[in-house]
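A.B. asks: can't give you the sequence, but here's the structure:
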């Protein structure tokens, strides 16, 4: 069972339709994946979960509104001590919230689907996620999220709004503090007013952006789903198994609405040995592929990274390196924050299309996904053989 570009393209086309988390469209995408796995005689496990939209849709808007109020309150100077402390407490409280436990907002249902292969010769697939046998063995997790989302504003406008916010909030706060303590200068007051006005515009842009179900999600993330499906097909042949690693193939739901899928699946991974586990996340791969990492990069793991480059060169894969780790609010980033090691693959040049109606199949190169899958297979052979 070799990696097949035609099958990758077929799976890419099957999954590329709007499928916002919690809708019948996301469920349809999961059914397609489940049927593909069933057709190959592979057993799987489904984890259903519920959550609310408050964390992903409303909490960021509340946070930036509170930060603007903080900036404006500091500018007014004569704010009460109680009001100032209330603002600070509210802002810091947001960072302590557990998204899974939030009950406010619309209730959404989604699911995760996964397969697990053991390293033993029987190639047993565990269906019971509470069975911790062999959890201390080495594990490799292939992850791709299934859902897609569209947004009112293009990614350029969204990035612009956040940059506008950052370049007005922090300098604005600095100017206000310096003017109060040191200068008390009229020109500084004018600069402060301008920066506060700019910050208000940025906050309005952030608030006005909204989520919709219009993006076909070919890049984000049918491309990743197609890769994980193809790797699952390859490793379903026991001749291709690794000697030292359990293999997990995980399709998560509701990644676009607060990485809820991986957050709910985390209970299954809590007892994993972080030093013996690699997370491989596939997200938004188009015409190019870049390598994202938190632990295996040119500075920290030069020897392994050199091996990666040699493997990529052999199969004619142009593999770039990005200093960004896993992506922004992605499944990989969440696991990185839980101290898991690993690497992710994406295409930063494709970000201009994602979350829009332009995220279509023609933006993805199936042959590139084939090369990436072959690269992963060869890289894991090297890692497995070095133990």
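C.D. replies: Yep, that arrived. Nothing here was measured: the structure is a model prediction, and the numbers come from that model.

A.B. asks: now the strands for the chain?
C.D. replies: In the chain, the strands defined using DSSP state E lie at 45-52, 107-117, 138-145, 150-151, 211-212, 245-252, 277-282, 289-293, 319-322, 341-346.

A.B. asks: got JSON lines for these, with distance to residue 262 and mean neighbour count too?
C.D. replies: For the C-beta atoms, the positions are set from N, CA and C on the backbone; glycine is no exception. As requested, the strands of the chain are arranged in JSON lines below (distance: least, Cβ to Cβ, whole Å; neighbours: other Cβ atoms under 10 Å):
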{"stretch": "strand 45-52", "distance to residue 262": "11", "mean neighbour count": "17"}
{"stretch": "strand 107-117", "distance to residue 262": "8", "mean neighbour count": "20"}
{"stretch": "strand 138-145", "distance to residue 262": "7", "mean neighbour count": "25"}
{"stretch": "strand 150-151", "distance to residue 262": "21", "mean neighbour count": "20"}
{"stretch": "strand 211-212", "distance to residue 262": "19", "mean neighbour count": "16"}
{"stretch": "strand 245-252", "distance to residue 262": "5", "mean neighbour count": "24"}
{"stretch": "strand 277-282", "distance to residue 262": "9", "mean neighbour count": "25"}
{"stretch": "strand 289-293", "distance to residue 262": "16", "mean neighbour count": "23"}
{"stretch": "strand 319-322", "distance to residue 262": "21", "mean neighbour count": "16"}
{"stretch": "strand 341-346", "distance to residue 262": "12", "mean neighbour count": "25"}
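
A.B. asks: looking at the sheet around the closest residue in space to residue 280 that isn't next to it in sequence, what are its partners?
C.D. replies: Leaving aside its sequence neighbours, residue 280 sits nearest to residue 142 (Cβ to Cβ, 6 or more residues apart in numbering; 5.3 Å). Assessed by DSSP bridges, residue 142 has beta-bridge partners residue 249, residue 280.

A.B. asks: List the contacts of residue 142.
C.D. replies: Counting by Cβ atoms under 8 Å, 6 or more residues apart in numbering, residue 142 touches 227-228, 231-232, 247-250, 280, 282.

A.B. asks: Make JSON lines from the strands of the chain and add distance to residue 173 to it.
C.D. replies: Formatted as JSON lines, those follow (distance: least, Cβ to Cβ, whole Å):
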{"stretch": "strand 45-52", "distance to residue 173": "32"}
{"stretch": "strand 107-117", "distance to residue 173": "36"}
{"stretch": "strand 138-145", "distance to residue 173": "36"}
{"stretch": "strand 150-151", "distance to residue 173": "28"}
{"stretch": "strand 211-212", "distance to residue 173": "30"}
{"stretch": "strand 245-252", "distance to residue 173": "37"}
{"stretch": "strand 277-282", "distance to residue 173": "35"}
{"stretch": "strand 289-293", "distance to residue 173": "31"}
{"stretch": "strand 319-322", "distance to residue 173": "30"}
{"stretch": "strand 341-346", "distance to residue 173": "33"}
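
A.B. asks: now these as JSON lines including distance to residue 169 and mean pLDDT?
C.D. replies: Below are these laid out as JSON lines (distance: least, Cβ to Cβ, whole Å; pLDDT from 0 to 100):
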{"stretch": "strand 45-52", "distance to residue 169": "28", "mean pLDDT": "96"}
{"stretch": "strand 107-117", "distance to residue 169": "31", "mean pLDDT": "95"}
{"stretch": "strand 138-145", "distance to residue 169": "31", "mean pLDDT": "93"}
{"stretch": "strand 150-151", "distance to residue 169": "22", "mean pLDDT": "96"}
{"stretch": "strand 211-212", "distance to residue 169": "24", "mean pLDDT": "94"}
{"stretch": "strand 245-252", "distance to residue 169": "33", "mean pLDDT": "95"}
{"stretch": "strand 277-282", "distance to residue 169": "30", "mean pLDDT": "90"}
{"stretch": "strand 289-293", "distance to residue 169": "27", "mean pLDDT": "73"}
{"stretch": "strand 319-322", "distance to residue 169": "26", "mean pLDDT": "70"}
{"stretch": "strand 341-346", "distance to residue 169": "28", "mean pLDDT": "84"}
